[in-house]
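Engineer: Whatever this is, show me its structure:
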Amino acid sequence: MLKKLLFTSLFLTYLTSFSQEVVHSTPVVLKNNRDVFQTVDNDKKQVTLFISDKIKVKAFLLNDLLQITDSISTERPDRKKFTEIIGYNTNNSNVRLFWSSRDRNLIFTQLYDFKTRKITTEQTTLFANNEEVLESFSSKNRFYSLSLVKQSNILKLHVFDQDGDHETKIINFSNYRFYKRDNSKTDLYGVFEEPLLPYENSFSLQNITTENPTSITDGAKKRKCYFNENQLIITLDSNIDFTQIYTIDLKTYTVTEKVIQKPLIMGGVLRTSLNSNSFLIDNKLYQIKTSPDQFYFTIKDLDGNVLKEFNVTTETPIDFKNSEISVVGSDFGGTRVLETSSQFIRKINKLSPGISCYHIGENTLITLGSASETKQAITPMYLGGGLIGVGLSAAAGGIMGYYNSTLSNFNSYSNRKVVKIDCLFDKDNNHVKSELQPLAFDKIRTFFDAYKDVSSQTLFKMENYYYLGYYDNRINEYVIRRFAD
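Structural biologist: Okay, here's the model as predicted:
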C-alpha cells in the first residue's frame, strides 16, 4: 500500500511539473461527434470557445482566468450544405463564424452577440467557377479569403469587415515573371497549379504563424504565406535558384516583389538532384539549399545581403547545431539518432527540406531538416488517446475545418518521417552555444504520454502562454491547462 501511495505521489509530481496548472475545469457531459474551436482576443484577454456536435453549436465566453462568464447556443447550419468553419472575425465582444460549402462557393455566417443574446445569420455566394481557393485568414476586424483566377496572374482577396459587409479586391501580378521548378516560364496560375509531389499538392498555400513553433512538415512547404493585420506575404520556393517574396498591403491592396537568390552549388551537380526552401521572420530570410553531398544554410536581409552563411559537406561537422540529428517516425519506430553529417545531408536532400524559426526571448530557435509525405491517406489521428484530425477536423466528420496552426503543428509528425536538427542564434545572427530547454509543446507531449483518456482537444496561445483544452472522459469535465516555454 505504501509503495502504491509513493508511486502515485511521484506520478502526480511528475505530471504537475510538465503540465503546469489547471486554470479551469467545467463539469459537462458531451455526446459523441463533438468538435471544439476557439477565438482569442489578446487585447481584451478573453476567449470564445465553441463546442459543436451534429445538431448544435454552443459558444462560451471565457475571461482572462479562462472562467465561463456567459454562453449562448444555436442550431448548426445545414450539414449537407455547409461542411466546415473556414474562419472568423470579431466586432467588440461578438464573434462572427464563417461556414463554407465543400466547394467553398457558398458562405454562411453566424454572428454571436452576447449582449443581445441573438445570433444573426447570412448566406453569401462568394467564389466564381473560374477561381481556385487558396487560403483564408482571420483577424479581429476582418476575415479574408484568397483565391486565384484560373489561367491568369490575378489574385482575388474577398474581404468581410466587422459588420459582415463584403467586397472583393483584385490584385494583379502581370508585371512579374514566374518560373516552375524546371525553370520554364509560366504565369502565377502555373506556379500554383504545379504539383510539388510527393509532398505538396496543386493550389496549396501553407499559412505560417511565426508566433507559434512551426513544424518542419509545414516549413517544408514551398508555397507559404505570412499574414498579419497590415499585410499578407507570399513566398514561392518551387524554383531551386531563388525565393520570390510578394507583399500585399492590406490597406492599399498593392503588391511589391523581392527576389532573393539562393547559394550556387558547384561541381557539376545535376539540377534535378538539388533541393531548396526558405522561411521568413522579422524581415530576415532563412534559406537552405541541398545536394546529395552538401548543403548551404544562409541568413539574408530582404535586399539579398548575406548576414550569415554556413556550408556543410559530408566531411565537415555541423558545428552550429544545439541538438543531435534526430529521425522521428523512422522505419524502426519512435526516434533514433544519426551520427554523421553525411547521413543528415542525404536524408534532407532525399526528402522535402525545410526550415522553421521560433523566438525564445531574444534568441531564435532554428530547425533545419526535411519531411516525408504521409505514410497513408490523411485520416483522423490520435493525440494522447483522443481523436483529432488535421486542423480541427474531428469525430464529427470535419465540422470544424478551420486550420488551427497551433494544434496542427503540435501533431504534425504523425504518419511521417522527419529528420531535423535544432540551432540557436542570437539577434545578431551568431550561434549560441547553449543547452536547449523544453518548449511548451515538449511539456504537452510529455503530459499526453501519461494522460491518455481525453478527447475534443484544442490548443491556443494567449499572450505568452499556451492553453490546452480537452474533455476528460473519466470524470466528464472539460479542462483547460496552461503551459509555458
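Engineer: Tell me the helix or strand right after the helix or strand containing Phe137.
Structural biologist: Taking DSSP states H and E as the definition, one finds Phe137 inside strand 131-138. Of the helices and strands lying after strand 131-138 in sequence (DSSP H and E), the nearest is strand 143-149.
Engineer: what's the angle from that following strand to strand 131-138?
Structural biologist: Strand 143-149 and strand 131-138 are oriented at 160 degrees to each other (axes from the mean of the first three to the mean of the last three CA atoms, to 10 degrees).
Engineer: which other helices and strands contact the strand or helix carrying Cys423?
Structural biologist: Assigned by DSSP H and E, Cys423 belongs to strand 418-425. Judged by 3 or more CB pairs under 8 Å, 6 or more residues apart in numbering; DSSP states H and E, the packing partners of strand 418-425 are helix 216-219, strand 325-328, helix 341-350, strand 363-371. Placement of C-beta: from N, CA and C, glycine included.
Engineer: Just want the angle from it to strand 363-371.
Structural biologist: 160 degrees.
Engineer: After strand 418-425, which helix or strand is next?
Structural biologist: Sequence-wise, the next helix or strand downstream of strand 418-425 (DSSP H and E) is helix 440-450.
Engineer: how far does that following helix sit from the chain's center?
Structural biologist: 19 Å (CA atoms, centre = their mean, to the nearest Å).
Engineer: List the buried residues for that helix?
Structural biologist: For helix 440-450, the neighbour count (16 or more other CB atoms under 10 Å) marks 440-441, 443-448 as buried.
Engineer: Paired strands for whichever helix or strand Ser356 is part of, with orientation please.
Structural biologist: Under the criterion of DSSP H and E, Ser356 resides in strand 352-360. In the sheet, strand 352-360 lines up against strand 363-371 (antiparallel) (DSSP bridges).
Engineer: Now do the partner strand, average pLDDT.
Structural biologist: Computed over strand 363-371, the mean pLDDT rounds to 95.
Engineer: List the contacts of it.
Structural biologist: With contacts defined as CB atoms under 8 Å, 6 or more residues apart in numbering, strand 363-371 is touched by 199, 213, 216-217, 219-220, 281, 286, 288, 297, 347-359, 416-427, 432, 436.
Engineer: Tell me what angle it forms with helix 341-350.
Structural biologist: Using the same axes, to 10 degrees: strand 363-371 against helix 341-350 is 70 degrees.
Engineer: Contact partners for Lys258?
Structural biologist: 244-245, 247, 302-304.
Engineer: Please state the backbone phi and psi of Arg271?
Structural biologist: phi -60, psi -40 (degrees, to the nearest 10).
Engineer: Just list the residues touching it, thanks.
Structural biologist: 183, 240.
Engineer: switch to 10 Å and redo it
Structural biologist: Residues in contact with Arg271, defined by CB atoms under 10 Å, 6 or more residues apart in numbering, are 181-183, 240-241, 265.
Engineer: Could you tell me how far Trp247 is located from Tyr253?
Structural biologist: Let me fix one detail, which is that residue 247 is Thr and not Trp. Taking CB to CB, to the nearest Å as the criterion, Thr247 is separated from Tyr253 by 11 Å.
Engineer: Please say which of those two ends up with more neighbours.
Structural biologist: Thr247 (18 against 14; other CB atoms under 10 Å).
Engineer: List the buried residues for the helix or strand that that one is a member of?
Structural biologist: Using DSSP H and E, Thr247 maps to strand 242-249. Residues of strand 242-249 classed as buried: 242-248 (neighbour count, 16+ other CB under 10 Å).
Engineer: I'd like those as CSV, with pLDDT appended.
Structural biologist: Listed next are the buried residues of strand 242-249 as CSV, based on pLDDT from 0 to 100:
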residue, pLDDT
Phe242, 96
Thr243, 97
Gln244, 97
Ile245, 98
Tyr246, 98
Thr247, 98
Ile248, 98
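Engineer: Phe60: which of the residues you listed is nearest?
Structural biologist: Taking CB to CB as the measure, Phe60 lies nearest Ile248 of these, at 34.8 Å.
Engineer: Report the beta-bridge partners for that closest one.
Structural biologist: Where Ile248 sits in a bridge, its partners, by DSSP bridges, are Leu232, Val255.
Engineer: Need the residues touching each of Thr247 and Tyr253.
Structural biologist: Counting by CB under 10 Å, 6+ apart, the residues touching both Thr247 and Tyr253 are Leu232.
Engineer: Can I get the strand holding Thr247 in CSV? Just the C-alpha atoms.
Structural biologist: Output of strand 242-249 as CSV, limited to C-alpha atoms (Å, rounded to 0.1, in the frame of the first residue of the first chain):
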residue,chain,number,x,y,z
PHE,A,242,15.7,31.8,-55.8
THR,A,243,12.9,32.8,-53.4
GLN,A,244,10.2,35.1,-54.7
ILE,A,245,8.6,37.3,-52.0
TYR,A,246,5.3,39.1,-52.7
THR,A,247,4.0,41.6,-50.1
ILE,A,248,0.3,42.6,-50.4
ASP,A,249,-0.5,45.8,-48.4
